[in-house]
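Asker: Task: produce atomic coordinates for the following.
(2 chains)
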Amino acid sequence: MEANSIRIETVVKALTYAVCVLAFAMVARAAGLSYALIFLGLLTLSIYFERHSYFAVPRWLLNLIAVAFVVITFFRVSLADPVTPVLQMLLIMVGIKLLEKKGFRDFMQIYLLSVFLLAGSALVSIDMDFLAALIIMMYLLSTAIVFLTYYAQDASLEVLRPAVRRMLVMSLLIPTIAVPLSLLLFIILPRSTFPLMTFLNRGGVASTGFSEQVSLGDVAGIQEDASIAFRAEMPRIADHDLYWRGLVLDTFDGKKWTRSTNLPEAVGFLETHARTIPHIIYLEPYQNRYLFALDRPVSVSLTQARISRDLTITLPAVFERRIRYEAVSAPVSQSSDLEVIYEKYLQLPELQWDEVRSLTSAVVGNAKGHEAAAAIARYLRESGVFSYKLSALPLSDDPVHAFLFQVRAGNCEYFASVMAVMLRMIDVPARLVGGYRGGYYSEIAGYYAVPQKSAHVWVEAFIPGRGWVRFDPTPASSESFSEALERSFALRIRMLIDYIQYAWNAFVVNYDFQMQVQLFKSIRDGARKLDIRVSLDRKVLVITGACLLALGLAGGGIWHLKNRKRPEQRLLEHYFRQMQRFGYIRQPGEGLSEMTSRIIQSDLRTQAVRFVELYQRCFYREGFFAEKAVRELGDILEIIEGIQYDI
Amino acid sequence: MELKNKTIDEILSFLSPYLHGKSNALKLALVAFFSRGHLLVEDLPGLGKTTIAIAIAKALGMNFGRIQCTSDLLPSDITGLSMYNKNTSAFEFHPGPVFNNIVLVDEINRATPKTQSALLEAMAEKQTTIEGKTYKLARPFFVIATQNPVEQFGTFPLPESQLDRFMMKISVGYPDRNAVMAILKSGSRRDDLYDIVPMMKKEEVIATQEDIRTGVTISDKVLDYILDIVETTRSSKYILAGISTRGVLAVQATARTLAYFSGRDYVIPEDVKLLAQYTLPHRLIYREEYGSVDKKEIIKSLVDQIRLPV
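Answerer: Below you'll find the model as predicted:
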């Protein structure tokens, strides 16, 4: 074998292994550790056999094992999780296939199985990395198949390295054209209104974030969790309005707050004329059925969602995919309720709370209603007696007492619980609202990203004539999302990454029939009005812009490749430019060495003759330009560039 | 391939003192010689045509024969004839001047067509048939024919078909002032030429000819260029009949030789281009209305329009 040539078989095998490894990487997590290990074992074994090709496992044995796997899988498939066993089976089959002595057919089977694996991984979870993997897979496969065609012609073919490079470039052209086209197809192919494959897609494994109850002292990892709970697409609003309402808790047993479901609500409304803010929420699954919206929600776009009187939005069942909904909220700190079921919101546990009672009356004094509530909130937040902390929380059978009189520190749950208890003691109806506070605003995309750690609990007190009024007794609640933090560089990067994730979810994963109809309608309207800027909203612009850009890039790439100049052509043009600098312009019928013979300046002529001789040797004798020659020609040109015009 | 062009260079530099200001003609003559073709020199008398022929013959260690053509020259004067030998009572063949390696045919257009064709047959076939017997000519065999372009009375101009058999047609031209001055000062050095030591052996010459024929690469790009030229001559408005296939072969062979002389084992388009004015004009039949135009210039302007492959 020549040093400069490479066996086509080596290229094909390298590409095949790359395809397999990529497919494996996409399903490794879903397939589970043991299957991943088995596959890795098979992979290592087959690479070992490639290097020491004196031994091949008999094909019948491998087929037998494969059939056995299929049968086993068949019995393991269940309706609850049909995907994983199939993925596991496919993975093992790829591993087995790799062990075989491979012909054209076997390579194609491996590619097909790998594509199945990739497609299967999308059923488990469709994240950004799927797109990346898909594009890489397209490139790898088309290249591999091009080389495989050569391999099928002659297995022992050897190709020069430059030729391999050319073949690579040419085969990369296919997906470069295909990717923008498929992007276009993605946009225009009709969608079904009902997501058919959702039952398979259990992915993203819903993180446990918000729980249905507030247990004092039972701190989950939530407050350290920087992962995003949801994103809200909306204009920026004042920080003090950023309360994301989740669920309302009304029943306290001394240690934990729960939500009573069967108690009726009083009806009666107060007219509010507050401005409303529509916003779109992209909510990550968190294994619960409560939806979040800016306090206080007025309506939600999901048909299954129900807003109860206490403004808790619930879905009929736990959702397992990321969901998107539009909500309209009025950011006011009071509600329109006229009446309230007093016994529901004055409920207190049977505990000996004399100390608490006396403290309450000391704090409240003669104040009534709103003033009383404000006094309690002030006492908890601003008196300096209590501090905010996340660790070493007061744990006891009576956490309220422990907080008030012993530890005097806690998280928002303590502050809110204590305030609600104190309010109920002075016969002010009170309830806890669980949700999120604050969020990082992304200026580029125009949305709030709310991390899990912003989970928050606050208090609402019923004041006759003003309805439910929000009180936030937690002192630190404004620190966790200060603007200084928002400006820090690391956070900006994080927000940018988050934006990409958001865009993926908003424009790709959630691209459904409704959005499609909207898109086409706005394009049609835009065409009709001939005023695209007005009629197209930003999303449409982004999508079409991205498509046009992709198409443009692909077109440009093709044009570039087609009109690409060979290195010697570039060198020659460079040479002519240099000659022109000295006043020598080549006549149409003039040869290169004829041209050099016209040169008078001797140092220039020496270099020009060197250049021309080498160029002609390559061009007329060898018929091709070796890399070394190209380099040398470039060097000569550099010398020529350095020559000064000498009169 | 080891280039022997050093020897060629040496020959050129060695001979130039003897050939005041005729080195270009000498070089072209050598190109024709090493391309295994024949040379037609068209010039006025007394400009050194014979000197060139003698110089080549002597420098390359060849035999040299000379034929002065007249209208009563017979074919047997060229080829030789059998004479009766009284002692052996048999006819003996006496070879004519054509059996030399280098034959100078002076004023070929003065010979009768019959004689001309005897000569031209010898040139083409490299053999000659006398009295039913075929004799191989010497190798290498090189004819330098001269003709006087001005004196037209009593001449038999060579028809185009016979001109085609000459690989190149050159003219020596007047020597420049300095050269003439040198000649005047020291006299002609023709006689000294007869005493020079050959620089190459006959076998070496044959080997070099073979080397050139087989060892010099001519790429498709250059062949394309040659064909471009050929096509242009065939479609040009000045020209009635374009270049023959023999002409194309001549172009290729001379280009190879020139490349070899330049120390290359590959042909560049310039080799073809440079020689075009010597290899082409005499092969073409021009339209009558352009008969007065210098044929070399026509070819030059045609070739200049053809793009070189670079």
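Asker: Where does the prediction get shaky in the stretch 401-550 of chain A?
Answerer: The stretch 401-550 of chain A contains residues with pLDDT under 70 at A:476-488, A:526-539.
Asker: Output the set of residues of it in proximity to chain B.
Answerer: By Cβ under 8 Å from any Cβ of the partner chain, no part of the stretch 401-550 of chain A sits against chain B. Yep, even glycine has a C-beta here, placed from its N, CA and C like the rest.
Asker: how about the strands in the stretch 401-550 of chain A?
Answerer: A:409-410, A:430-437, A:440-442, A:447-451, A:455-463, A:467-471 (DSSP state E, counting those that start in this stretch).
Asker: quick one, domains of the chain?
Answerer: No chain in the question, so chain A it is. Structural domains of chain A, as assigned by automatic domain parsing, span the residue ranges A:5-178, A:214-489, A:511-562, A:567-642.
Asker: ah, no, chain B please
Answerer: Taken from automatic domain parsing, chain B resolves into B:5-204, B:216-305.
Asker: May I see the domains of chain A organised as a markdown table, with mean neighbour count added?
Answerer: Conversion of these to a markdown table gives the following (neighbours: other Cβ atoms under 10 Å in any protein chain shown):
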| stretch | mean neighbour count |
| --- | --- |
| domain A:5-178 | 17 |
| domain A:214-489 | 18 |
| domain A:511-562 | 14 |
| domain A:567-642 | 17 |
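Asker: Now tabulate those domains in JSON lines and tack on distance to B:Asn87.
Answerer: JSON lines is the format used below for the domains of chain A (distance: least, Cβ to Cβ, whole Å):
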{"stretch": "domain A:5-178", "distance to B:Asn87": "75"}
{"stretch": "domain A:214-489", "distance to B:Asn87": "120"}
{"stretch": "domain A:511-562", "distance to B:Asn87": "86"}
{"stretch": "domain A:567-642", "distance to B:Asn87": "62"}
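Asker: Low-confidence regions, the stretch 51-200 of chain B specifically.
Answerer: Ranges of the stretch 51-200 of chain B meeting pLDDT under 70: B:151.
Asker: where does it come near chain A, residue by residue?
Answerer: Counting by Cβ under 8 Å from any Cβ, the stretch 51-200 of chain B has no residue next to chain A.
Asker: can you give me the helices in the stretch 51-200 of chain B?
Answerer: B:75-79, B:113-125, B:160-163, B:177-186, B:190-193 (DSSP state H, counting those that start in this stretch).
Asker: Give me the most central residue, the chain.
Answerer: I went with chain A, as the question did not name one. A:Gln501 (2.8 Å; Cα atoms, centre = their mean).
Asker: hm, I was asking about chain B
Answerer: Most central in chain B (Cα atoms, centre = their mean) works out to B:Leu39, at 1.4 Å.
Asker: List the residues that contact it.
Answerer: Neighbouring residues of B:Leu39 by Cβ atoms under 8 Å, 6 or more residues apart in numbering or on different chains: B:28-29, B:32-33, B:142-145, B:166-170.
Asker: what sits against the nearest residue to it once chain neighbours are set aside?
Answerer: Excluding the flanking residues, the one nearest B:Leu39 by Cβ to Cβ, 6 or more residues apart in numbering or on different chains is B:Ala32, at 4.2 Å. By Cβ under 8 Å, 6+ apart, the contact list for B:Ala32 reads B:His38, B:Leu39, B:Phe142, B:Met167, B:Met168, B:Thr254.
Asker: pretty sure B:Gly21 contacts B:Asn178?
Answerer: Yes - if you go by Cβ atoms under 8 Å, B:Gly21 and B:Asn178 touch, sitting 7.5 Å apart.
Asker: returning to what we had before: lowest mean pLDDT across the domains of chain A, which one is that?
Answerer: Mean pLDDT across the domains of chain A is lowest at domain A:511-562; the value there is a mean of 73.
Asker: ends of it, how far apart?
Answerer: 35 Å (Cα to Cα, to the nearest Å).
Asker: And A:Tyr379, how far from chain B?
Answerer: 93 Å (Cβ to the nearest Cβ, to the nearest Å).
Asker: what helix or strand is that residue on?
Answerer: Per DSSP states H and E, A:Tyr379 falls inside helix A:369-382.
Asker: which element follows that helix toward the C-terminus?
Answerer: strand A:387-388.
Asker: ok, B:Ala179 touching B:Gly21?
Answerer: Yes - assessed by Cβ under 8 Å, B:Ala179 is found in contact with B:Gly21 at 3.3 Å.
Asker: Show me which of those two is the more surrounded one.
Answerer: B:Gly21 (19 against 15; other Cβ atoms under 10 Å in any protein chain shown).
Asker: that older thread, please identify the deepest-packed of the helices of the stretch 51-200 of chain B.
Answerer: Comparing the helices of the stretch 51-200 of chain B by mean neighbour count (mean count of other Cβ atoms under 10 Å in any protein chain shown), helix B:75-79 ranks first with a mean of 21.
Asker: CA atoms only: put it into PDB for me.
Answerer: This file holds the C-alpha atoms of helix B:75-79, laid out as PDB (Å, rounded to 0.1, in the frame of the first residue of the first chain):
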ATOM      1  CA  PRO B  75      17.500  10.800 -61.300                       C
ATOM      2  CA  SER B  76      20.500   8.500 -61.500                       C
ATOM      3  CA  ASP B  77      22.700  11.400 -60.800                       C
ATOM      4  CA  ILE B  78      21.100  11.400 -57.400                       C
ATOM      5  CA  THR B  79      20.500   7.800 -56.600                       C
END
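Asker: What lies in contact with it?
Answerer: By Cβ under 8 Å, 6+ apart, helix B:75-79 touches B:Ile67, B:Pro95, B:Gly96, B:Pro97, B:Val98, B:Lys114, B:Thr115, B:Ala118, B:Leu119, B:Ala122, B:Thr128, B:Ile130.
Asker: mind redoing it with 10 Å?
Answerer: Outside helix B:75-79, the residues that touch it by Cβ atoms under 10 Å, 6 or more residues apart in numbering or on different chains are B:65, B:67-70, B:81-82, B:93-99, B:103, B:105, B:111-112, B:114-119, B:121-122, B:128-131, B:135, B:137.
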